[in-house]
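Undergrad: just coords:
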């Protein structure tokens, strides 16, 4: 059975937009790079040609990957997100005792995790530890850097 990719609506749109960009814009850019490189003549020592072909291979591989992912998407329905318990799709505010500060995360599937946007994977140590907890629960998270203690302050959609 193919792996399911759990996505929010925003994550699905982002993947679809990336696919569109790769198929329309990137492919054309690479074709132009290949044309320019071919105009230089001898391909045996043509680094521009090699670079363009490598870029083409990476873009085509990414297109295939995204297309395969989109065939196996499990969409998180915002209406079904429980605000009583942390789960996929939840936004959770936690108090980090070590740093004496509150931090908000959204628990997402690994495909759309992005720490810069505070989107953490349900498979990450913090995401995995938070799932199933309720407001006021104390959660100990084993991370590569040691154990951290978080208190769940708020759960929203």
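TA: Nice, thanks for sending it over. These figures come from a predicted structure and were not determined experimentally.
Undergrad: Can you give the domain ranges for this structure?
TA: Split into domains by automatic domain parsing, the chain comes to 5-75, 79-156.
Undergrad: End to end on the shortest one, go ahead and measure it.
TA: Spelled out, that is domain 5-75. One end of domain 5-75 sits 8 Å from the other (Cα to Cα, to the nearest Å).
Undergrad: Kindly state the beta-bridge partners for residue 95.
TA: Applying DSSP bridges to residue 95 gives these bridge partners: residue 102, residue 151.
Undergrad: Correct me if wrong: it contacts residue 151.
TA: Yes - the pair residue 95 / residue 151 is scored as a contact, 4.4 Å apart, by Cβ atoms under 8 Å. For every residue, glycine as well, the C-beta is placed using N, CA and C.
Undergrad: ok, now which ones touch the closest residue to residue 3 other than its chain neighbours?
TA: Excluding the flanking residues, the one nearest residue 3 by Cβ to Cβ, 6 or more residues apart in numbering is residue 72, at 6.4 Å. Counting by Cβ atoms under 8 Å, 6 or more residues apart in numbering, residue 72 makes contact with 2-5.
Undergrad: Now list the buried members of the residues you listed.
TA: The neighbour count (16 or more other Cβ atoms under 10 Å) marks residue 5 as buried among those.
Undergrad: centre of the chain versus stretch 102-120, how much separation?
TA: Offset of stretch 102-120 from its chain centre (Cα atoms, centre = their mean, to the nearest Å): 8 Å.
Undergrad: quick one: buried residues of it?
TA: 105-109, 111-113, 119-120.
Undergrad: Repeat that for stretch 150-157.
TA: Under 16+ other Cβ under 10 Å, the buried positions of stretch 150-157 are 150-152, 155.
Undergrad: Name the nearest residue to residue 128, sequence neighbours excluded.
TA: residue 122 (6.5 Å).
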